[in-house]
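Chemist: Below is the sequence, then the predicted model.
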Amino acid sequence: MPQKRSFFALFIDNSRLMSLVGVGGTVTTFISIVRSENPDFVQIAVVIAFILLFIVFFVIEIRKKDRKKSEIDQDDDIIYEPNLPVHELCETLLETVTSNNSIIKRSNIEEDARSILQDVRDGILRIYLFGHQSAGKSSLTNALLNSEISPISSSKMTTCLIRIRTGTKFSGIVKWENETKKIKPDIKSLKNRMAEWGQSSFEHQPIEVIIEVPDEILGIPKIELVDTPGTGSTWDIKYGKNILDETVNKKIRTAAVAILIYKHEHAEMQSHGSLLNELKVRNIKVIGVCNITPDLEYAYKRDNKDFLDTITKAEHQLRENAKAECRRVVLEEDESLIKLARQINGETVNEFRNYFIEILNDRESFVKLQAIRESLSLIEDLLVDANKLVRKFRPVFDTILTRKTEIKDAIASVRKIINKGFDDENIVTQATVVGGATLGLGGMAAVYLLGSAVTGGLLLPAGGLFLGGLAGSAIGSGMKHSKLTKFEEELATAWNHLRQVINKAKVNGNSMLSTEVIRKVNLHSSSLSKYQKTLESNMTDVENDIESNLRKIEGYESYQKSEVLIEQLTVLKSQFKKHLS
């Protein structure tokens with residue numbers, strides 16, 4: 001309800017008009033004074049009054065403009081306030097995931113959100129190493145960490161993501177889709193397990209292995225190196241696509257830094273072209289490492305020009321496709337290979353390690369980008385799931401919405417009829433007013449016709465009044481009966497419509513209302529005007545019961561929560577993307 005304005009507030013609201021009145025009054029009065037030969041005191045007083053009126057309301061108008069400008073500035077501060085810090089957005093993402101556990105069915109999603117938040121708080125930087133099978137990813141991982149942690153083999157060895165990260169002590173865990181187990185983090189045990197997993201079908205292979213190693217052993221603090229399976233590791237016949245490659249590539253697209261390792265025989269970048277282009281679009285730092293191996297040495301001796309052309313072409317493609325920094329690195333402590341590295345502008349693994357540590361000086365920026373990209377990837381996954389639920393349960397929700405609207409309209413119709421004023425008290429009052437008016441008119445007519453109450457005596461006026469009263473009572477009684485009949489008919493029609501709507505309010509065979517409430521509504525079908533308070537109570541029960549009973553219908557709550565989740569995630573996605581720009 002709007003607040004009642006005081007009389008003075010009306011003048012304040014129209015301060016500009018009052019200022020003009022002050023100016024106009026001042027000018028008019030001043031002209032009259034000039035024209036007058038002997039201006040009197042009243043004219044001068046009026047001029048002063050108009051001048052004061054102008055000054056007062058002019059000041060008020062200026063203050064109003066200043067206040068309005070201040071409010072706009074405050075609004076601008078709200079609209080254009082600096083982005084929330086990334087770690088706060090990550091906290092919000094975790095809260096959103098945790099509070100929607102009932103509808104989020106994706107495994108490990110809460111753990112992933114918690115990991116993103118923890119890493120951005122701790123400043124853990126994640127580096128992904130990718131490339132063809134046996135390109136030397138595990139060898140480079142161990143070289144960078146100055147420790148043999150990731151298993152190495154001449155044949156295919158890495159069959160899932162191996163995360164080697166900073167920790168307080170040696171520990172290891174293996175994650176499957178719905179299971180997590182602790183393992184011994186030593187190389188021998190890991191090699192044996194990798195060999196076993198390599199013989200398993202894709203759906204029985206683990207998602208990732210996490211090995212935590214103390215900082216003093218890793219040599220590089222607050223880091224996680226992710227050794228990925230080689231390109232083309234697992235072709236899934238059921239889906240007709242390389243599931244493992246898609247999973248790995250999705251992870252790499254969230255990186256802050258990605259290292260592509262390749263040998264000269266895999267120097268063609270066609271198999272990585274799509275991923276490299278995506279990394280370029282996402283502005284992810286890419287380092288291309290050509291692994292100087294004995295095979296490469298043999299190729300160089302056989303035809304050094306062709307060999308160098310092949311490597312140069314690969315590096316050109318990397319720079320073109322991903323803005324990559326290209327290095328030629330020998331990963332083995334072999335004198336002949338180190339000599340070859342010098343001849344082709346290559347470097348030893350220790351020199352590459354120093355370069356690698358140097359680029360990590362901008363750790364804070366990399367960690368921030370990593371958290372943003374991983375959060376956006378997780379949000380995209382959640383949006384896919386939430387939209388699936390919305391599409392699945394939309395028919396249920398639409399049906400419920402239609403039935404709820406029908407019930408709401410039917411209740412409103414009944415209340416409208418009741419609130420018209422056709423209850424017994426109002427009808428009697430109307431009849432009394434009509435009867436009284438008729439009686440008065442009859443008396444006045446009698447007095448008018450006779451000329452006065454004295455002329456002709458009191459008999460005729462009294463008779464006129466009596467007859468007028470009888471006529472008024474008869475008209476009032478007739479009106480009462482007519483309106484009660486009409487009221488009863490309208491109320492019965494509206495109530496029967498409500499009963500029909502409630503009885504058909506079902507979704508997938510389940511009633512939207514409890515049996516008890518439906519029974520109460522169906523209990524009354526005639527002489528409804530006598531039960532108006534009961535009817536109102538029944539309608540209130542319907543309104544309360546429908547909300548509580550709908551929660552029992554499959555899909556209703558899931559749909560509502562999914563809609564809210566989509567809205568929350570869309571806002572979060574927008575806020576994360578602001579940091580990227």
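Modeler: Sure thing, it's come through.
Chemist: rest of the way, CA atoms for contacts and neighbours
Modeler: Fine.
Chemist: So, low pLDDT: which residues of the stretch 151-300 of the chain?
Modeler: Residues of the stretch 151-300 of the chain that meet the criterion pLDDT under 70 lie in 151-159, 185-192, 194-204, 231-245, 266-267, 270.
Chemist: Helices of that one, start to end?
Modeler: Along the stretch 151-300 of the chain, the segments classed as helices by DSSP state H, counting those that start in this stretch run 187-199, 215-218, 243-252, 273-281, 294-302.
Chemist: Touching the fourth one from outside, list them.
Modeler: By that I understand helix 273-281. Helix 273-281 is contacted from outside by 249, 253, 285-286, 318, 321-323, using Cα atoms under 8 Å, 6 or more residues apart in numbering.
Chemist: If you rank those residues by neighbours, which is first?
Modeler: Compared across the contacts of helix 273-281, Leu318 has the highest neighbour count, 26 neighbours, by other Cα atoms under 10 Å.
Chemist: what about dumping the CA coordinates of the strand or helix carrying that residue to CSV?
Modeler: Following DSSP states H and E, one finds Leu318 within helix 304-322. The C-alpha trace of helix 304-322 is given here as CSV (Å, rounded to 0.1, in the frame of the first residue of the first chain):
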residue,chain,number,x,y,z
ASN,A,304,70.5,-34.4,-41.5
LYS,A,305,68.9,-32.0,-43.8
ASP,A,306,65.7,-34.0,-44.1
PHE,A,307,65.7,-34.6,-40.4
LEU,A,308,66.1,-30.9,-39.6
ASP,A,309,63.4,-30.0,-42.1
THR,A,310,61.0,-32.4,-40.3
ILE,A,311,61.7,-30.9,-36.9
THR,A,312,61.5,-27.3,-38.1
LYS,A,313,58.2,-28.0,-39.8
ALA,A,314,56.8,-29.5,-36.6
GLU,A,315,57.9,-26.5,-34.6
HIS,A,316,56.4,-24.2,-37.2
GLN,A,317,53.0,-26.0,-36.8
LEU,A,318,53.2,-25.8,-33.1
ARG,A,319,53.9,-22.1,-33.1
GLU,A,320,51.1,-21.5,-35.7
ASN,A,321,48.5,-23.7,-34.1
ALA,A,322,49.1,-23.1,-30.4
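Chemist: in that helix, what's buried?
Modeler: Neighbour counts over helix 304-322 (16 or more other Cα atoms under 10 Å) mark 307, 310-311, 314-315, 317-319, 321-322 as buried.
Chemist: Check stretch 488-496 too.
Modeler: Buried residues in stretch 488-496, counted by 16+ other Cα under 10 Å: 488-489, 491-492, 494-496.
Chemist: Mark out where each domain of the chain begins and ends.
Modeler: For the chain, the structural domains run 7-79, 123-345, going by automatic domain parsing.
Chemist: before we move on, back to that, please convert the buried residues of helix 304-322 to JSON lines, extending it with distance to Ile418 and pLDDT.
Modeler: Output for these, formatted as JSON lines (distance: Cα to Cα, whole Å; pLDDT from 0 to 100):
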{"residue": "Phe307", "distance to Ile418": "95", "pLDDT": "76"}
{"residue": "Thr310", "distance to Ile418": "90", "pLDDT": "84"}
{"residue": "Ile311", "distance to Ile418": "89", "pLDDT": "86"}
{"residue": "Ala314", "distance to Ile418": "84", "pLDDT": "87"}
{"residue": "Glu315", "distance to Ile418": "84", "pLDDT": "89"}
{"residue": "Gln317", "distance to Ile418": "80", "pLDDT": "88"}
{"residue": "Leu318", "distance to Ile418": "79", "pLDDT": "89"}
{"residue": "Arg319", "distance to Ile418": "79", "pLDDT": "90"}
{"residue": "Asn321", "distance to Ile418": "75", "pLDDT": "88"}
{"residue": "Ala322", "distance to Ile418": "74", "pLDDT": "87"}
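Chemist: Just the closest of these to Ile207, please.
Modeler: Minimum distance to Ile207 across these is 27.2 Å, recorded for Ala322 (Cα to Cα).
Chemist: For the closest one, which residues are in contact?
Modeler: So Ala322 contacts 276-277, 279-280, 286 (Cα under 8 Å, 6+ apart).
Chemist: if we can go back for a sec, in helices, which of the buried residues of stretch 488-496 appear?
Modeler: In this view, the buried residues of stretch 488-496 that belong to helices under DSSP state H are 488-489, 491-492, 494-496.
Chemist: Turn these into JSON lines, including distance to Cys90 and pLDDT.
Modeler: Formatted as JSON lines, these follow (distance: Cα to Cα, whole Å; pLDDT from 0 to 100):
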{"residue": "Glu488", "distance to Cys90": "62", "pLDDT": "79"}
{"residue": "Glu489", "distance to Cys90": "62", "pLDDT": "81"}
{"residue": "Leu491", "distance to Cys90": "57", "pLDDT": "80"}
{"residue": "Ala492", "distance to Cys90": "58", "pLDDT": "83"}
{"residue": "Ala494", "distance to Cys90": "54", "pLDDT": "86"}
{"residue": "Trp495", "distance to Cys90": "54", "pLDDT": "85"}
{"residue": "Asn496", "distance to Cys90": "55", "pLDDT": "89"}
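Chemist: For Ala386, see how far away Ser562 is.
Modeler: 5 Å (Cα to Cα, to the nearest Å).
Chemist: anything in contact with each of those two?
Modeler: Common neighbours of Ser562 and Ala386 (Cα under 8 Å, 6+ apart) are Ile103.
Chemist: now the strands for this structure?
Modeler: Ranges of strands in the chain, per DSSP state E, are 125-131, 161-167, 171-175, 180-183, 208-214, 223-227, 257-262, 285-291, 325-330, 347-348, 506-507, 510-511.
Chemist: elements contacting the fifth one?
Modeler: Read it as strand 208-214. strand 161-167, strand 171-175 (3 or more Cα pairs under 8 Å, 6 or more residues apart in numbering; DSSP states H and E).
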